[in-house]
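Visitor: Need a 3D model of the following:
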Amino acid sequence: MTVMKESLGSVQSIDDLRDRELPELKLLIITTEKITEQDTEWLEEQVKKGKHVFFAVFPDDTSLKSRRLRNLLGIYRLGKETVYEAMRTSQNLLLGTISESEDSHIPAREIELKKQTQIYISALLEDEDVENEDLPPLFWSYVGEKGDGFVYVSNGQLAETPLGYAMLSMIFCDLSETYIYPVVNAYCVAVKGMPYVSNIRSDILEKRYSRDARGVQRDLFYPELKRCSDIYGIRFSYFTPDYGSDALEKEGELVYFCQEIEAAKGEISRILLDGTMEIADSSSRAVEWTEDFQFRDGKDQRLNVPLLLDNMSDYLQERQFVDGGLRGLGMITGLIDIPEILEDEDEDEKLEWMEYCKIMETAMGTHKKYYPWIDRVTLSEAAGRIENLLAIEPKYTYSSDGVRIDIGNFEKEAYFYMQTPNKITGTEGGEITKIGEELYMIRANNSQVKIDWKQEVME
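Guide: Have a look, this model is predicted:
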């Protein structure tokens, strides 16, 4: 919410809202699984007033014994807890594309919905004869009567993943004819543990590649990464435990790697002894995305850059979570974990490098095909863009002829997504690119951007 520049207030419980007037409230986000009958009654009243509610956390079994609550959620029949192996997202959720995952292991409830619902994420079943409308719902909206507010519901824990960003941005776009929010605009890939100096010899490397560790780096790892840089425009951010060592500056093949990385506009950063991946300028770090992720660390306030895909080999299972980050944050970040590939453990389950590369190139190729407009940058550049996003204070002034964006604390550049049904006729102070059905990216190069449009007349 803070990233989207929406005003955010929080309370410990719904009880704290009961006697308050909420005229400016757009959306109530419920993050507790315990909903009492009194809570349900109050939420019903708000929905009748046209307020919208998002259940980001699915209510627990005790709460769901209430028929009144099930009615509020649009649930006709509630079944048992289960684990779904795959899911499908709708065009509304992920930039106009329908996406499917496999081997995702999604815990959720078996549910049958009422008719006044729209489903944005469904679980996929092994029985291919099941009609789309009969697939188990994982994220939906429900409206009881005309004039009521919408009730959005996440079944399971999907809102705790990067898909939560996509859900929120979709909801706000859903509730407005035109909606604009700032984004990062960054596509980054981190390579952890490379270039490395150590020449480890192991049975698995000899068995699989007939090489020692330095030979694998020289003949397999680096040539493939260079290929991806050339074909997909990736500007890799390498993180090495040997940062600053004499070998990287004096040994022939290592010097060559470093020169080639620089020529491809990549960067080399350090891994600290505690495993911290410190981004080039040391004021920010790359961290694995978790459900309690924050851009600022409470201890030292350094910037955290999230790795939405913590292993590129998991892309087929996690592609929708990654795309959720693109929809909500305008950002895709992935990690190639070199030490994990080199380790001897779990040999039978470990992907060989060529299999790893196939999945990695599937991800990069898919993103290049469907999202060519997102900037391929290093993690240090992404960190700068996140800093700008956190600092700016945009104000939107709408008229029948267009919108003006005044950007407080503007520095050099800013990026926005805009969803609108209107026909764009002109832009001043920036550039605009169509990236989906009624969806645009705005690249601001001035503190004021003016977008002209012609409103579509409904026949």
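Visitor: Show me which positions of stretch 122-141 end up buried.
Guide: 122, 123, 124, 135, 136, 137, 138, 139, 140, 141 (16 or more other C-beta atoms under 10 Å). C-betas here are computed from N, CA, C, even on glycine.
Visitor: For that stretch, measure first residue to last.
Guide: Stretch 122-141 has an end-to-end distance of 13 Å (criterion: C-alpha to C-alpha, to the nearest Å).
Visitor: Residue 84 against residue 124, yeah?
Guide: Yes - if you go by C-beta atoms under 8 Å, residue 84 and residue 124 touch, sitting 7.2 Å apart.
Visitor: any shared contact partners between those two?
Guide: Residues touching both residue 84 and residue 124 (C-beta atoms under 8 Å, 6 or more residues apart in numbering): none.
Visitor: In CSV: the buried residues of stretch 122-141, plus secondary structure, pLDDT and distance to residue 44.
Guide: Below are these laid out as CSV (DSSP: H, G, I helix; E, B strand; the rest coil; pLDDT from 0 to 100; distance: C-beta to C-beta, whole Å):
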residue, secondary structure, pLDDT, distance to residue 44
122, strand, 93, 27
123, strand, 91, 28
124, coil, 88, 33
135, coil, 87, 28
136, coil, 91, 26
137, strand, 94, 21
138, strand, 95, 24
139, strand, 95, 21
140, strand, 96, 18
141, strand, 95, 16
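Visitor: tell me the two of those residues that are most distant?
Guide: 124 and 141 (20.3 Å; C-beta to C-beta).
Visitor: What segments of the stretch 151-300 of the chain are helices?
Guide: Using DSSP state H, counting those that start in this stretch, the helices of the stretch 151-300 of the chain run over 163-174, 203-209, 213-216, 222-232, 246-250, 252-263.
Visitor: Which one of the ones you listed lies nearest to residue 313?
Guide: Judging the helices of the stretch 151-300 of the chain by C-beta to C-beta, what sits closest to residue 313 is helix 222-232, at 13.3 Å.
Visitor: Report the mean confidence score over the closest one.
Guide: Average pLDDT, helix 222-232: 96.
Visitor: most packed of the helices of the stretch 151-300 of the chain?
Guide: helix 163-174 (a mean of 23; mean count of other C-beta atoms under 10 Å).
Visitor: Contact partners for the residue lying closest to residue 84 once chain neighbours are set aside?
Guide: Excluding the flanking residues, the one nearest residue 84 by C-beta to C-beta, 6 or more residues apart in numbering is residue 123, at 3.6 Å. Residues near residue 123 by C-beta under 8 Å, 6+ apart: 84, 86, 87, 88, 106, 108, 135, 136, 137, 138.
Visitor: for this protein, longest strand please?
Guide: strand 75-84 (DSSP state E).
Visitor: Correct me if wrong: residue 294 contacts residue 303.
Guide: No - with contact defined as C-beta under 8 Å, residue 294 does not reach residue 303; the gap is 10.1 Å.
Visitor: of these two, who's got more company?
Guide: Shown here are residue 294 and residue 303; by other C-beta atoms under 10 Å, residue 303 has more neighbours (18 against 11).
Visitor: Number of residues surrounding the closest residue to that one other than its chain neighbours?
Guide: Leaving aside its chain neighbours, residue 303 sits nearest to residue 284 (3.9 Å; criterion: C-beta to C-beta, 6+ apart). Neighbour count for residue 284, taken as other C-beta under 10 Å: 24.
Visitor: which residues touch residue 284?
Guide: Neighbouring residues of residue 284 by C-beta under 8 Å, 6+ apart: 302, 303, 304, 305, 379, 380, 383.
Visitor: how about 7 Å then?
Guide: By C-beta atoms under 7 Å, 6 or more residues apart in numbering, the residues touching residue 284 are 302, 303, 305, 383.
Visitor: Tell me the pLDDT of it.
Guide: Residue 284 carries a pLDDT score of 93 in this model.
Visitor: Distance-wise, check it relative to residue 295.
Guide: 10 Å (C-beta to C-beta, to the nearest Å).
Visitor: so what sits against both of these two?
Guide: Common contacts of residue 284 and residue 295 (C-beta under 7 Å, 6+ apart): residue 303.
Visitor: Show residues contacting whatever helix or strand comes next after the longest strand of the chain.
Guide: Scanning forward in sequence from strand 75-84 by DSSP states H and E, the next helix or strand is strand 87-89. With C-beta under 7 Å, 6+ apart as the test, strand 87-89 has contacts from 98-101, 104, 106, 120-124, 138, 320.
Visitor: and which of the residues you listed is nearest residue 431?
Guide: The nearest one, if we look at the contacts of strand 87-89 relative to residue 431 and count by C-beta to C-beta, is residue 99, at 27.2 Å.
Visitor: Can you tell me the strand partners of the lowest-mean-pLDDT helix or strand in the chain and which way each runs?
Guide: Scoring the helices and strands of the chain by mean pLDDT, DSSP states H and E places strand 99-100 at the bottom, with a mean of 80. With DSSP bridges as the test, strand 99-100 is paired with strand 87-89 (antiparallel).
Visitor: What number of residues are in the vicinity of residue 57?
Guide: Neighbour number of residue 57 under other C-beta under 10 Å is 19.
Visitor: List the contacts of it.
Guide: Shown in contact with residue 57 (C-beta under 7 Å, 6+ apart): 30, 31, 32, 33.
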